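> Got a sequence here, can you build the structure:
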Amino acid sequence: MGGALDFLASLLGGGHGYKKRKQFQTVELRVRMDCEGCELKVRNALSTMKGVRSVDINRKQYKVTVTGYVEPHKVVKRVQSTGKKAEIWPYVPYNVVARPYAAQTYDKKAPAGYVRNVEAIRVSSQVVKPEEQLAALFSDDNPNACSIM
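Numbering: from 1, shown residues only. Next up, the predicted model:
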């Protein structure tokens with residue numbers, strides 16, 4: 001019963017100030033670094049963050065891996081504060097994707113063995129059911145529809 005009372009008290013603003021503990025996770029970023037100075041600058045900025053356990057940098061692939069009790073958006077902001085352009089790692093191994101050489105997934109800039117993350121693309125675009133695609137082929141509204149009918 002005490003848990004319910006604590007919950008109601010926290011809703012009313014009388015909480016005890018409990019902080020939700022961050023989860024241990026791995027954050028992978030794509031950061032363009034050309035020299036050892038850039039690498040050192042990014043490594044120092046990330047290693048001084050609270051909760052960071054390790055920082056691994058692969059300069060050849062422009063990949064930075066941070067593990068610890070951190071939030072991904074805060075890691076990106078910290079790297080951007082060094083003056084570098086940073087984004088969440090947009091690539092996955094090509095053997096994970098069903099069609100790795102499709103137009104949306106293939107990327108010339110991707111490191112060897114990687115393609116763009118299709119799930120990120122699929123979330124942003126509208127998903128169309130196969131039945132709707134077939135119906136659209138024979139629709140009167142479609143100017144490129146089959147003219148046999």
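> Can you get me a residue count around residue 57?
Counted with other Cβ atoms under 10 Å, the neighbours of residue 57 add up to 20. No exception for glycine: its C-beta is placed from N, CA and C like everyone else's.
> Distance check, it against residue 22.
Using Cβ to Cβ, to the nearest Å, one obtains 22 Å as the distance from residue 57 to residue 22.
> Also residue 83?
Residue 83 is 26 Å from residue 22, by Cβ to Cβ.
> More neighbours: which of the two?
Set residue 83 next to residue 22 and count neighbours by other Cβ under 10 Å: residue 22 wins out with 13 against 9.
> and residue 114, how many residues sit next to it?
By the criterion of other Cβ under 10 Å, residue 114 has 20 neighbours.
> so what's it bridging to?
Beta-bridge partners recorded for residue 114 (DSSP bridges): residue 93.
> shouldn't it be in contact with residue 90?
No - using Cβ atoms under 8 Å, residue 114 makes no contact with residue 90, being 9.1 Å away.
> what ranges of the chain fall below the confidence cut-off?
1-20, 100, 118-149 (pLDDT under 70).
> show me where it has helices.
2-11, 36-47, 72-80, 118-124, 130-137 (DSSP state H).
> Would you mark the buried spots in stretch 92-99?
By neighbour count, with 16 or more other Cβ atoms under 10 Å as the criterion, the buried positions of stretch 92-99 are 92, 94, 97.
> Many thanks, I have nothing further to ask.
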